[in-house]
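Q: With the sequence up front, the predicted model follows.
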Amino acid sequence: MPQADARVYVYGVLAGADAPNVSADGVEQAQVRTVEHAGLAALVSTLGSEELAAAREVRAHWRVLEDASKSATVLPVRFGTVLEGDRAVREQLLEPNAERLTEMLDELAGRVQLNVRGDYDEQQLLREVVRTSPQVAALRDRVSRVSDSAGYYDRIRLGELVAAEIAARREQDTALAMARLEPFAVSARAEEISSQNGAFKLAFLVESAEMDTFGEAVGLLRENLAERVTLTYVGPLPPYTFAETDLSAGTAAWA
Amino acid sequence: MGLISGLLTLPLAPVRGTVWLAERIQEQAEDELYDESAIRQGLLDLDAARQAGTLDEDEIAAAEDALIERLMWIRGLAGEESHGRIE
Amino acid sequence: MAAAARSGGGYLERPRPSGLADVIDVILDKGLVIDAYVRVSLIGIEILTIDARIVIASVDTYLRFAEAVGRLDIQQADDSQGLPELMESMTSGGAQSKTKGALEGVKDAISGGGDDDDDDDKKQSSSSRRRSSSGSSSSRSRSRKSS
């Protein structure tokens, strides 16, 4: 039986009027339930232990949010968030932030997150860099004529020039993709690229009713990028990226 | 430290250029250490294997776990525990 | 390939459902952050002994680029790993670490280090390699918390 004081894992927040039908198992395979207050509902499950097997529970977190989002607008909470108990959820999460949370849910209602990423083919990219940069081509040529040790410094320099060329292309391609797609979205973010072959990594908040128009813009962008950049278009997702906000729990009590 | 001492002994390396270069190298090396594309590709490959039925689910889950853990380490999430003011 | 009827746009694309590879980023990095919370420790993570600040000081990456560029017209490099190799490389104890001390030593030993490069026109500032994003971007934390 869920004790009122048992720690709870928090998945997300939704409007109290929406009843999320979550059949997926929560963290530790616990049942997902809601804690309600101030017209809001937090999606939680009771935690039995002090530690979590992180990788496994990432998936539970993900599935719960996907499930709930099928029938309601859900504000995802950062993975790994645990509060002291149901009471803490009401008093420290929902009560002090009721206005802000309600506002955010209103902004997200009827909208979905769609992610668009572009990746280069490294071989093709390098070919293009050599083709378009005489300096790179010349240095490459020079390096090919000498022994490894004699050309050591030149090779480093060559690699560094290539890296700079790639960085410039990333900037250009990110700007291009953004310019093409942003007009069809409510909001847009460009994320930091964390993979070497990445061209761009964008997140869009789009009206559900406008998804098709957005999808046409994506199709056109893909055509224009041709083989230079491989486009991946994913969604709809719960609005992880657009729920990014720091809330302070219980500030009133500490003021 | 063969590479670094090699760098130091290069007769033609301009002094200031070498320092600057060492910094760029470290930056790039950091980028490599933290490159997440292999993790992402691994997860994509595993999902493909799942669809194709070429590996069994337990193996796939274990491999996914390992990749996620690696990513968490990169992001500095491993073993982190923080207590807020409610404590 | 159905052409879109309106506005001369491209073929209407539908997004594909997200898989773990697509969402793992946002799940770990995004979402509401609640200021005062108890965060249970996440076990099951191989705690590597490498401190994030200790990094391989290696020219390998640049050499790799140079090599890749040099090889271009000869043969398409096949560097895809098989799954078992990938799993192994992902779960094994991590990269060899050479102490940062060595690199720091290099910097210290060479005094008067300015930022000049002998070659200006093609040089991109290193800040261009760190994407600056419009709107908020995920900030990657480079330093691990030391336990």
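A: That came through fine. Numbers count the residues shown, from 1 in each chain, chains lettered A, B, ... in the order given.

Q: Up against chain B, what does the stretch 51-200 of chain A have?
A: A:53-56, A:58-59, A:80, A:83-84, A:88, A:92, A:152-153, A:156, A:160, A:163, A:194-198 (CB under 8 Å from any CB of the partner chain). C-beta: built from backbone N, CA, C; applies to glycine.

Q: okay but C:Val33 is in contact with A:Pro76, surely?
A: No - counting by CB atoms under 8 Å, C:Val33 does not reach A:Pro76; the two are 10.9 Å apart.

Q: Which of these two has more residues huddled nearby?
A: A:Pro76 (29 against 15; other CB atoms under 10 Å in any protein chain shown).

Q: Validate this expectation: that one resides in a strand.
A: Yes - assessed with DSSP: H, G, I helix; E, B strand; the rest coil, A:Pro76 lies in a strand.

Q: Any figure for the gap between it and A:Glu122?
A: 33 Å (CB to CB, to the nearest Å).

Q: Repeat that for A:Arg56.
A: In terms of CB to CB, A:Arg56 sits 33 Å off from A:Glu122.

Q: Stretch A:230-243: which residues count as buried?
A: A:231-243 (16 or more other CB atoms under 10 Å in any protein chain shown).

Q: Turn those residues into TSV, including pLDDT, distance to chain C and secondary structure.
A: Putting these into TSV (pLDDT from 0 to 100; distance: CB to the nearest CB, whole Å; DSSP: H, G, I helix; E, B strand; the rest coil) gives the following:
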residue	pLDDT	distance to chain C	secondary structure
A:Leu231	96	9	strand
A:Thr232	95	8	strand
A:Tyr233	97	5	strand
A:Val234	97	5	strand
A:Gly235	92	4	strand
A:Pro236	95	7	strand
A:Leu237	95	6	strand
A:Pro238	95	9	coil
A:Pro239	95	9	coil
A:Tyr240	95	4	coil
A:Thr241	94	5	helix
A:Phe242	93	8	helix
A:Ala243	90	5	helix
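
Q: from those, which is closest to A:Ala167?
A: A:Leu231 (20.0 Å; CB to CB).

Q: and the closest one, what is it in contact with?
A: Each residue near A:Leu231 by CB atoms under 8 Å, 6 or more residues apart in numbering or on different chains is listed here: A:116-118, A:218, A:221-222, A:225.

Q: which of the residues you listed count as buried?
A: A:116-118, A:218, A:221-222, A:225.

Q: nearest residue to whichever residue of chain A sits closest to chain B other than its sequence neighbours?
A: Nearest to chain B, among the residues of chain A, is A:Ser195, at 3.0 Å (CB to the nearest CB). Excluding the flanking residues, the one nearest A:Ser195 by CB to CB, 6 or more residues apart in numbering or on different chains is B:Ser37, at 3.0 Å.

Q: Got phi/psi on the one you found?
A: Backbone torsions of B:Ser37, given as degrees, to the nearest 10, read phi -70, psi -30.

Q: separation between it and A:Leu40?
A: The gap separating B:Ser37 from A:Leu40 is 39 Å, by CB to CB.

Q: Who has more neighbours out of those two?
A: Higher neighbour count among B:Ser37 and A:Leu40: A:Leu40, with 25 against 14, using other CB under 10 Å.

Q: Next step: the contacts of A:Leu231 restricted to helices.
A: Those of these mapping onto helices are A:218, A:221-222, A:225, per DSSP state H.

Q: Let's have these in JSON lines, adding distance to A:Ala168 and pLDDT.
A: As requested, those are exported to JSON lines (distance: CB to CB, whole Å; pLDDT from 0 to 100):
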{"residue": "A:Val218", "distance to A:Ala168": "24", "pLDDT": "97"}
{"residue": "A:Leu221", "distance to A:Ala168": "20", "pLDDT": "96"}
{"residue": "A:Arg222", "distance to A:Ala168": "22", "pLDDT": "95"}
{"residue": "A:Leu225", "distance to A:Ala168": "17", "pLDDT": "92"}
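
Q: so which two of those residues are the farthest from each other?
A: A:Val218 and A:Leu225 (10.5 Å).
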